[in-house]
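Undergrad: have a look; sequence and predicted model below, questions after that.
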2 protein chains.
Amino acid sequence: MKKLIIVLLFFYSVAHAEDGYKLWLRYYPVDNMELLTSYQKKIPGYFVFGESETSKVIKNELQMALTGLLGQQATELTEPLKTGGLIIGTPSNSDFIKSNFDTDKLDDLGEEGYYISNISVKGASYILITANTDIGCLYGMFHFLRLLQTHKELENLSVSSKPKVKIRVLNHWDNLDRTVERGYAGFSIWDWHRLPDYIDPRYIDYARADASIGINGAVITNVNANALVLTPYYLEKIKALADIFRPYGVKMYLTARFSAPIEIGKLETADPLDPNVQKWWNEKIKEIYTYVPDFGGFLVKANSEGQPGPQNYNRTHADGANMLADALKPFNGVVMWRAFVYSNEEPVDRAKQAYNEFKPLDGQFRDNVLIQVKNGPIDFQPREPFHPLFGAMPKTPLMMEFQITQEYLGQATNLVYLSTMFKECLESDTYAKGKGSTVARVVDGSLDHHELSGMAGVSNIGNDRNWTGHTFGQSNWYAFGRLAWDHELTSDEIADEWIRMTFSNDKGVVKTIKDMMMASHEIVVKYMTPLGLHHIMGGGHHYGPAPWINTMPRADWNSVYYHKADENGIGFDRTETGSNALEQYYPEVREKFTSLKTCPDEYLLWFHHLSWDYKMRSGNTLWDELCYQYYKGVDSVVWMQNEWKSLKGKIDEERFDRVTMLLGIQKKEAIWWRNACLLYFQTFSKRPIPDSLEKPDKHLEYYKSLSFPYAPGIRPRW
Amino acid sequence: MKKLIIVLLFFYSVAHAEDGYKLWLRYYPVDNMELLTSYQKKIPGYFVFGESETSKVIKNELQMALTGLLGQQATELTEPLKTGGLIIGTPSNSDFIKSNFDTDKLDDLGEEGYYISNISVKGASYILITANTDIGCLYGMFHFLRLLQTHKELENLSVSSKPKVKIRVLNHWDNLDRTVERGYAGFSIWDWHRLPDYIDPRYIDYARADASIGINGAVITNVNANALVLTPYYLEKIKALADIFRPYGVKMYLTARFSAPIEIGKLETADPLDPNVQKWWNEKIKEIYTYVPDFGGFLVKANSEGQPGPQNYNRTHADGANMLADALKPFNGVVMWRAFVYSNEEPVDRAKQAYNEFKPLDGQFRDNVLIQVKNGPIDFQPREPFHPLFGAMPKTPLMMEFQITQEYLGQATNLVYLSTMFKECLESDTYAKGKGSTVARVVDGSLDHHELSGMAGVSNIGNDRNWTGHTFGQSNWYAFGRLAWDHELTSDEIADEWIRMTFSNDKGVVKTIKDMMMASHEIVVKYMTPLGLHHIMGGGHHYGPAPWINTMPRADWNSVYYHKADENGIGFDRTETGSNALEQYYPEVREKFTSLKTCPDEYLLWFHHLSWDYKMRSGNTLWDELCYQYYKGVDSVVWMQNEWKSLKGKIDEERFDRVTMLLGIQKKEAIWWRNACLLYFQTFSKRPIPDSLEKPDKHLEYYKSLSFPYAPGIRPRW
């Protein structure tokens, strides 16, 4: 037995490169011999009730997963079930389950929840996974596999789970030419040209991965939308993908270009109140549903960054959203309307604009419209306070938009576990209805009793073999899905699961990697934008530091707009003496951030302009503290390198080497950030970098001279 | 034993998806039990002499390959060698070899050749692979592995081989933003942004694959060149790749943008006779060699399709090439100067232009310049007669430029084995020095006694997991390499090797796939451009048929320029009564193509404009024959589909399914080609499609209405 396992592991490792393609669904043989034997005994075989496409998918996954995990060909049981084993089905497709399980336990689990338990029938022991729907069973199966993958006991199981948020979608900013806006993992996995007739197996593995973490929808086109995707030539391709996604419970959504009626409909206007425009959308949407009968609906970016929208016709965002919502309503489709807008020509603090535009519209949206709000008021910065719209529109379901792709967080080369950042936002208290009115409760609908709720993650997936470029990017896809299902999970729990499934169940390995992950977000903030600094990245591509940018045509496209460094000090005054963006928060929040006594260091320069000699809590002056933070950030990357080095030989060589190389790049980039920012800010502060710190070895002019015309994630320029 | 093999094969197939990544280097266990036992007996272990990077590479490859092929952990022998086994080394790094092998046999094998033989020393049997250099040993090792992979006997080995052509390079038309011009397999494998610190293991596998078929160089940037690649920021990245390629004998080449002295050198001119320009290139080239000490040299596209060149300064191609050649000379670098030019404003038959420009320059080039000539005089059409420059410039080494990527041959969706097309060209007789003056002999330098010789293949490689998009695209990379090494290999032999290594050694499987491959080029010609038609593809992207194009700004960018269909007939008169392009060939060739009695049907409309009622050899009128050819092409795709279907269960499911899907697309596209072309030509011929043939089910207007703004392989347009 043991020998077979060794042979088996050997050939797994010979034949099977650890290239990261399998994500957290590797299904390697359980390497704890005792546990393996106990699993093999408890799962002599499996039986899946039902004949739906989803039931077939469950069978396939189990066959593959159990064969891998248990190190022996998995056995599909035959009815009548007598031997014990794993049973999956719903009370409606299985008399066995109806007779032997208290189906009341499913009453509260809805269409996606599941229940896992041990049952005993006529002396035989079963592990039962059941739900109200096949999709619930699918989610339950992945939960069960996770127990095996993370080496959990299978005794006394009584797991019941259902999602806290209804719409859990990835937003793919993928273009029809396969470039990916803000994509750092290669190019789009959607091979439009060869669809619908060529089905890349990757589409199936994508849907499997989504389903395994409860993601139930995908907007597969860029928010900077192309109307062509709504034409029959592309709808046939969309249909092919939707057919693949469906058994996995992943719904198809598209982005709608607001001016599509003009561009592909040959109308002269896209005015949402124009009857011809409404008619065109009604017919277009009807047509889409002939291709995809369970089409989810539209995500729309309108009147922002040059995108067309209802304001082009002096209509409101509500007018635009409602027109689409009315057309989608008969088919149960929804509109996810983005609040990320800054079309105003006036120089209002950008942090205030979305709130100013959308709050007055609260109550004016149809009941199948969600407003999709970024976590913070600027744009996916390394750290932002929560967006003031959360809690400010009680009559409207607000969706969370997190960015999984690391546009401002080190792109494809920095190890940053984002769960702690997501949680920081979700746990923030808006005080909208008093203490405990967290962002999470706004988003999951519980605060304002909304039926509809949603969480969107801007995807970090590309056609790199390991999907996300950086191996640790996978943890962010994973964490997003897990949090969208249950925002009460801790970042620690999520990291623990992911590490065990992705790397190893070895305690030391788990601890080392988890320590790195849990610290990683704080580290990147330190060497990029400590103390509340923000938006001082390279122009356009957002790669690397460029706090000196001051020549962009709009004030709020420049770095200097955000840090406002001058001889007196640094920081953006958003109190009453400044832009007063703080007025958009509820009093408790406003006061906390307004008072220098209570404003956390993390947000200090986000809300305040302070003198270089301002005395920090640490006792340091602001300038010195800024220096220490930047240096600490770099030192912490070195700490990560050492932690990682200690894993040599304990995990596979291939991923060990890849991450080692990337940590090397991260260190270089951290030093680059530190030096460029401090040398630049020093031109204002006129103060020395504290003696104890090693001095930058290059001059500011060097850093300013760097240029990256082909940095990834932007549309190529010719 | 047998049981172990079965377990082993099972886990190979479970753990190891047949996604095509491993190309022809899969190293699966030999599944013929008798042969396996005999191999295991003959190769109890291996020993590699030498400590060079190349020797290490040989050891690694052997360890991996023998472990896989022989189904057991391979053993590295220890000195003194007593047990028999596989020995690899050179007489200069091994006394064992010097003492036990007649080293005279290496005299004629040069720096890349090798010798494989059985030797017996003190009663022990050895298989010896030896050469004058480590690189020779590497090539010998891959030859030996091929013997195992194709199930050859290892008795009485006496294999000696050396390349017929000196420079055997891939041309990657890869841009710095990772788009690939005419790339149909995803995007560039060169991840510029993360180089030099992040080394994708794919770079190593690329070099391994090249080395395994004797490719000894790579031009890794597009001929439509970007000067930035010559700046230090990129040269560091180039160096990292060159360091990876070096142990595999793959030399680094770059494309040189002729105007680089202006663009990155801040000069006001790029005039090749300007001393400052010469100085700039001298220094730039010196700088490149500090990064890559064995840099191979430049490939240049000048004064063609808008690229800058010496003619901008009223200098000749020789002036331009020689300037670079002089600068490269001290470092043993070469210039590969492309003859694909058509800068003339005058409406001269495009087929004549390269000859007109270059023939007069024969004898004016430095001895480290090669002129790189496409196989045919137009542009990589499905079938072209050989380029008239071959044989016309005896004082200049002419390199062959084949296109491996299927720009005009079905791109990533059509199964076309190109070896037969390559061979058709190589075997063509130019009659330059009488009968037997084949293109191959021009290219390999034997006809005109050139030291320097070369063959370039425009790569079909991208970041698709299987490298080439279509599984069968791999066979074209393979065939190019094999033919560049030895153009006397037959297409049948090459296909045989490739199929056995890539799919199976099963006789039936080999026969079925080989039949398909050997017929495939003729099939695609039939449904795209039968009887000598050419350049009637879609504009820009060259995807699909568009014989109706007549609105492009230059005459020779239009399809109608090439087919010249009118009420009287169809075809391009290139005889004396027409463009007289035939005058560029030697008399024997000219006469053969001029006379309708001897001009093969395959080239009929390339050289002649003939009436619709012209009586063909078949007895059919030209119009009817055209119809029969197009229909035959489609029918033959159906035949391929059926052949392939017969392989179900005999090869792995994954690749079976992928190719099945692609053959489905190929059938659709073949019908599209047939219908669109015949319906269009019918507007001139006014004749019916013969009754026996099924009529097109769509109208010409439908085909003309199709548009593909995001077809792959072109630079995205915004």
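TA: Arrived safely. Numbers count the residues shown, from 1 in each chain, chains lettered A, B, ... in the order given.
Undergrad: so where do the helices sit in the stretch 51-200 of chain A?
TA: Using DSSP state H, counting those that start in this stretch, the helices found in the stretch 51-200 of chain A span residues A:53-70, A:95-100, A:134-149.
Undergrad: give me the mean pLDDT for the last one.
TA: In this model, helix A:134-149 has an average pLDDT of 98.
Undergrad: go on, the second one?
TA: Model confidence over helix A:95-100, given as mean pLDDT, is 95.
Undergrad: just the C-alphas of that helix, formatted as CSV.
TA: What follows is helix A:95-100 as a C-alpha-only set of coordinates in CSV (Å, rounded to 0.1, in the frame of the first residue of the first chain):
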residue,chain,number,x,y,z
ASP,A,95,-36.4,8.7,-2.6
PHE,A,96,-33.4,7.4,-0.7
ILE,A,97,-32.7,10.9,0.5
LYS,A,98,-36.4,11.8,1.1
SER,A,99,-36.8,8.7,3.2
ASN,A,100,-33.6,8.9,5.2
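Undergrad: contacting residues for the closest residue to chain B within the stretch 501-650 of chain A?
TA: Per Cβ to the nearest Cβ, residue A:543 is where the stretch 501-650 of chain A lies closest to chain B, at 8.4 Å. C-beta: built from backbone N, CA, C; applies to glycine. By Cβ atoms under 8 Å, 6 or more residues apart in numbering or on different chains, the contact set of residue A:543 is A:411, A:537, A:708, A:711, A:713.
Undergrad: buried members of those into ChimeraX, please.
TA: To isolate the buried ones among these in ChimeraX, judged by 16 or more other Cβ atoms under 10 Å in any protein chain shown, type:
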select /A:411,537,711,713
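Undergrad: so which of the contacts of residue A:543 are also by chain B?
TA: residue A:711 (Cβ under 8 Å from any Cβ of the partner chain).
Undergrad: and which of the contacts of residue A:543 is nearest to chain B?
TA: residue A:711 (6.4 Å).
Undergrad: in contact with the closest one, which residues?
TA: Counted by Cβ under 8 Å, 6+ apart, residue A:711 has contacts A:538, A:541, A:543, B:193.
Undergrad: ditto for residue A:429
TA: For residue A:429, the contacting residues are A:435-439, A:588-589, by Cβ under 8 Å, 6+ apart.
Undergrad: what's around residue A:484, how many residues?
TA: Counted with other Cβ atoms under 10 Å in any protein chain shown, residues neighbouring residue A:484 total 30.
Undergrad: and it, what element?
TA: Assessed by DSSP states H and E, residue A:484 sits inside helix A:473-485.
Undergrad: could you report the neighbour count for residue A:351?
TA: By other Cβ under 10 Å, neighbour count at residue A:351 equals 27.
Undergrad: sorry, back to before: compare the contacts of residue A:429 and tell me which is most surrounded.
TA: Using other Cβ under 10 Å as the neighbour criterion, residue A:439 leads these with 25 neighbours.
Undergrad: hmm, residue A:432 and that residue touching each other?
TA: No. The pair residue A:439 and residue A:432 does not pass the contact test of Cβ atoms under 8 Å, sitting 9.6 Å apart.
Undergrad: between these two, what contacts are shared?
TA: Between them, residue A:439 and residue A:432 share the contacting residues A:390-391, judged by Cβ under 8 Å, 6+ apart.
Undergrad: what number of residues lie near the nearest residue to residue A:629 once chain neighbours are set aside?
TA: Nearest non-adjacent residue to residue A:629, counting by Cβ to Cβ, 6 or more residues apart in numbering or on different chains: residue A:530, 3.6 Å away. The number of residues packed near residue A:530 is 25, by other Cβ under 10 Å.
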